[in-house]
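> after the sequence you'll find the predicted model.
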Amino acid sequence: MAEGPAERVVNWLLAGLIGEAGFSNAELARRVGQLGREHGLDLRYDKTSVTRWLRGQQPRGATPALIGEVLTRRLGRSVPTQALGFGVCSPVYAGLEFAETHGQAVDIASGLWREDSGGNTALAKIAFAPSGLVVPSRDWLIGRANEPVGRADPARTAGLQVPEQGKPSVPVQRHTGRAAWPRVMGGDITALCSAGDLFHALDQTYGGGHARQALVSYLAHEAEPLLRGTYGEVTGRRLFAAVADLTRLAGWTAYDTAAHGLAQRYFVQALRFTQAAGDRVYGCYVLVTMSSQASYLGHGREAVQLARVAQQGVGAGAGAQPVVQAMLHSAEARGHAACGDGRACAASMVRAERALGAVRPGDEVPYWARFYDEGQLAGEFAHCHRDLHQYRACAQQAERSLRLRAPGYARSRLLSRLVLATARLGLGDLEQACAMGAAAARQAAEMRSARAVDYVRAFERRLGPYHDTAAAREYHDQVATLP
């Protein structure tokens, strides 16, 4: 990777951090290259490269953020890009940082929104990094929940800022379509919440790809000006809570369209926004979402860790409603199943079932957890049994989920049908499995969900050994003309 033009000055900030970390130039170069490979990047750095950085050259692309992450892991504290003495780092790569302040988080997230809504296709190609889950979840767990968020004088943030030491310097753009940096009112937050309801419904019914670009554009053009506007503490916390929900959903839709590295970045920023909102319980929901993605991608160990951090974060006191506890334990169960640990999975499933059984009519349930009912829990259990090759229990739970889940949860029901088809195949019911699989494949073709398509492809791989049977041939005939 080519270096930027050299400025013959010594980068004392970087030199000090390298010395504090106890790295030689060669060791830093090696670790940056190793972390780059985790992100799907082929970087060719050596000790000479580090010498050039120390002499003032600016590494391009992802490299400044990677250097910061290497030093963060070594020193046990956050080392943002600007603390390295480098200039602006593209927000594409800065998104894994759990910002030190909520203002930095606004800069990082808004940079992602603008790049994403602007059609930057490179975002969808960023690799998921399991190692990038550790620092954000740890910082959330130990972070302070009462940081002041009110903004009385937003004028000082207008335009392109000169970055303060240790803070990202993502350019701030004025938005001319509405009053710049408005005073935030209750109606603004209500509108954000209503938009969230709409985007949630579109995602569940038609798949994450249907309105994902509209959602990130909404965040860039509506949410960012509000975050940079004027508001008091109470209104500010409500605002950050609403934006956290929308940002988590932006990550969820990216996850559903297989843009996993981008999804991971949105989840990290949503998690940081929950801290600004002072909403510990919603932070647990974001961690559950991150755990779900990790399980789906086969990183069971990380999925378990995320679920356990969420359990630690919410504790057993006020705010730990039974439905939330059920959600956390079922996420842990999914992680254990992805690891093939049947005993630990069963123990987590028992805890989840017990917690949901403690819910009583009239209990207060967070708005974002109202979807989590017996049908959802049965669907989670069906996935666990599928991953553990316990096909009879899988079929029972998948059938129960389909009986209990409302028609509005179209994608969830589709995935449960495919899990059921897999179970039937595992039980030797080939004709029934193929009939279910073909019906589900037709539905998946009408939904903009890469995850649904991946479930279909997984079913077809399992069908491979039966390719010469009449049922398998009929299945392939039925799906051959699907897009």
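Structure's in. What do you need?

> need the helix or strand of this protein with the lowest average pLDDT.
Ranking every helix and strand in the chain by mean pLDDT, DSSP states H and E puts helix 91-94 at the bottom, with a mean of 50.

> output the contacting helices and strands for the next helix or strand after it.
Counting by DSSP states H and E, the next helix or strand C-terminal to helix 91-94 is helix 102-117. Other helices and strands packing on helix 102-117, by 3 or more CB pairs under 8 Å, 6 or more residues apart in numbering; DSSP states H and E, are helix 91-94, helix 212-218, helix 224-227, helix 233-256, helix 260-277. (C-beta placed from N, C-alpha, C; glycine too.)

> nearest to residue 450, of the ones you listed?
Of all the helices and strands packed on helix 102-117, it is helix 233-256 that lies closest to residue 450, at 6.5 Å by CB to CB.

> state the distance from residue 409 to residue 203.
According to CB to CB, to the nearest Å, residue 409 stands 11 Å off from residue 203.

> er, residue 127 I mean
With CB to CB as the criterion, residue 127 and residue 203 are 23 Å apart.

> more neighbours: those two, which one.
Neighbour count, other CB atoms under 10 Å: between residue 127 and residue 203, residue 203 has more, with 22 against 14.

> what's residue 231 sitting at in phi/psi?
Per-residue torsions, residue 231: phi -160, psi 160 (degrees, to the nearest 10).

> that one contacts residue 181, correct?
No: contact criterion CB atoms under 8 Å: residue 231 and residue 181 do not qualify, at 10.6 Å.

> returning to that earlier point: save the helices and strands packed on helix 102-117 as CSV, and put in mean neighbour count too.
As requested, these are exported to CSV (neighbours: other CB atoms under 10 Å):
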stretch, mean neighbour count
helix 91-94, 23
helix 212-218, 21
helix 224-227, 24
helix 233-256, 24
helix 260-277, 27
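
> which one, of those helices, ends up nearest to residue 391?
helix 233-256 (26.0 Å).

> tell me the angle that closest one makes with helix 260-277.
Helix 233-256 and helix 260-277 are oriented at 170 degrees to each other (axes from the mean of the first three to the mean of the last three CA atoms, to 10 degrees).

> stretch 54-63: end-to-end distance?
Start-to-end span of stretch 54-63 (CA to CA, to the nearest Å) is 14 Å.

> give me the buried positions along it.
By neighbour count on 16 or more other CB atoms under 10 Å, the buried set for stretch 54-63 is 54, 56-59, 61-63.

> distance of residue 58 from residue 186?
45 Å.

> low-confidence ranges, the stretch 251-400 of the chain, go.
Applying pLDDT under 70 to the stretch 251-400 of the chain flags residues 316-319.

> and the helices in it?
Taking DSSP state H, counting those that start in this stretch as the criterion, the stretch 251-400 of the chain carries its helices at 260-277, 280-296, 300-314, 322-339, 342-357, 374-387, 391-404.

> what distance do you get for residue 425 to residue 465?
Distance from residue 425 to residue 465, by CB to CB: 10 Å.

> what about these two, which has more around it?
The neighbour comparison of residue 425 against residue 465 (other CB under 10 Å) goes to residue 425, with 23 against 10.

> how about that one: what's its closest non-neighbour residue?
residue 433 (3.9 Å; CB to CB, 6 or more residues apart in numbering).

> now residue 149
Spatially, and ignoring its direct neighbours in sequence, residue 149 is nearest to residue 236 (3.9 Å; CB to CB, 6+ apart).

> pLDDT averaged over the helix or strand where residue 453 lies - what is it?
Take DSSP H and E as the rule and residue 453 turns out to sit in helix 450-463. Computed over helix 450-463, the mean pLDDT rounds to 96.

> next secondary structure element downstream of it?
Next in sequence after helix 450-463, counting helices and strands by DSSP H and E, comes helix 470-479.

> contacts for that following helix?
Here helix 470-479 makes contact (CB atoms under 8 Å, 6 or more residues apart in numbering) with 430-431, 433-434, 437-438, 441-442, 456, 463, 466-467.

> I'd assumed residue 375 was in contact with residue 405.
Yes: in this structure, residue 405 is within contact of residue 375 by CB under 8 Å, at 3.9 Å.

> what count of nearby residues applies to residue 435?
As a burial measure, residue 435 scores 17 neighbours (other CB under 10 Å).

> cool, residue 118 as well?
Neighbours of residue 118 (other CB under 10 Å): 11.

> ok, so of the contacts of helix 470-479, who is nearest residue 21?
Of all the contacts of helix 470-479, residue 456 has the smallest distance to residue 21: 47.1 Å, by CB to CB.

> contacting residues for the closest one?
For residue 456, the contact set (CB under 8 Å, 6+ apart) comprises 418, 437, 440-441, 444, 479.

> what's the answer for residue 407, then?
residue 413.

> any idea how far it is from residue 205?
Residue 407 is 10 Å from residue 205, by CB to CB.

> do the same with residue 225
29 Å.

> do residue 115 as well
From residue 115 to residue 205 the distance is 27 Å (CB to CB).

> could I get the helices and strands packed on helix 102-117 as a markdown table with distance to residue 352?
As requested, those are exported to a markdown table (distance: least, CB to CB, whole Å):
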| stretch | distance to residue 352 |
| --- | --- |
| helix 91-94 | 36 |
| helix 212-218 | 30 |
| helix 224-227 | 35 |
| helix 233-256 | 21 |
| helix 260-277 | 22 |
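
> to residue 151, which of the ones you listed lies closest?
When these are compared by CB to CB, helix 233-256 sits nearest residue 151, at 6.8 Å.

> and the pLDDT at residue 429?
96.

> am I right that the residue nearest to residue 425 sits in a helix?
Yes: assignment of residue 433 by DSSP: H, G, I helix; E, B strand; the rest coil places it within a helix.

> residues touching it, list them.
Contacts for residue 433 were tallied using CB under 8 Å, 6+ apart; they are 421-422, 424-425, 463, 471.

> try it again with 10 Å
Contact analysis of residue 433 by CB atoms under 10 Å, 6 or more residues apart in numbering lists 420-427, 459, 462-463, 466, 471-472, 475.

> closest one of the contacts of helix 470-479 to residue 218?
Taking CB to CB as the measure, residue 218 lies nearest residue 456 of the contacts of helix 470-479, at 30.3 Å.

> how close does the closest one sit to residue 28?
Taking CB to CB, one finds residue 456 at 45 Å from residue 28.

> now residue 192
Remark: distance between residue 192 and residue 28 (CB to CB) = 42 Å.
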